[in-house]
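Undergrad: below is the sequence, then the predicted model.
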Amino acid sequence: LTIFLALSPKSDSAYLALKKVRAAVQETFAEPVPLHLRNAPTRLMKQLGYSAGYQHAHRFDDAVSGMDCLPDKLRGTVFYEPTTRGVEQRLRDRLREIRELRQKRREHPPEASGVGG
């Protein structure tokens, strides 16, 4: 493991992402959890819209929904920006693919067939 790590391409992108997350938490610590992410164990919570519109990612063939999961003030924020070195290039490619799928799903939400909902 030591040899593998010593020979691996170096990156501080995870550290920089954590730094961005910490700053965002400090600036937006009181932001409410989006309603669609809240559990709705009671009738009142359901009436208030808790869990309405929640999309179960595992119900999609590619396990990617179009659902936003961050509070409104953080929507669109990118915390992790992988480099183009080593394994991170594959992570970068996969993140691009996920973002494209999510955007398509936002523009064309799933039908009321029960998929994702």
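TA: Nice, I can see it. Numbering: from 1, shown residues only.
Undergrad: just the pLDDT for Ser113.
TA: Ser113 is assigned 43 on the pLDDT scale.
Undergrad: same check, this time on the one 3 residues further on
TA: Note on Gly116: pLDDT of 46.
Undergrad: low pLDDT regions in this structure?
TA: 110-117 (pLDDT under 70).
Undergrad: once you drop chain neighbours, what's closest to the residue most central in space within it?
TA: The chain has Cys69 as the residue nearest its centroid, 6.0 Å off, counting by CA atoms, centre = their mean. Leaving out its chain neighbours, the residue that sits closest to Cys69 by CB to CB, 6 or more residues apart in numbering is Leu37, at 6.3 Å. Every C-beta, even on glycine, is put in place using the N, C-alpha and C of the backbone.
Undergrad: would you agree the one you found is in contact with Pro71?
TA: No: assessed by CB atoms under 8 Å, Leu37 is found out of contact with Pro71, at 9.6 Å.
Undergrad: please identify the helix or strand for Arg90.
TA: For Arg90, the element it lies in under DSSP states H and E is helix 87-107.
Undergrad: which residues does that helix contact?
TA: Applying CB atoms under 8 Å, 6 or more residues apart in numbering, the external contacts of helix 87-107 come out as 9, 11, 13, 55, 62, 64-68, 80, 82-84.
Undergrad: looking at those, which has the most residues close by?
TA: The most crowded member of these is Ser65, carrying 23 neighbours; neighbours defined as other CB atoms under 10 Å.
Undergrad: is that residue in a helix, a strand, or coil?
TA: Of the three states, Ser65 takes coil under DSSP: H, G, I helix; E, B strand; the rest coil.
Undergrad: and the spatially closest residue to it that is not a sequence neighbour, what element?
TA: Distance criterion CB to CB, 6+ apart; nearest residue to Ser65, sequence neighbours excluded, is Gln55 at 3.7 Å. In the assignment (DSSP H and E), Gln55 maps to no helix and no strand.
Undergrad: next one: phi and psi at Gln55?
TA: phi -120, psi 120 (degrees, to the nearest 10).
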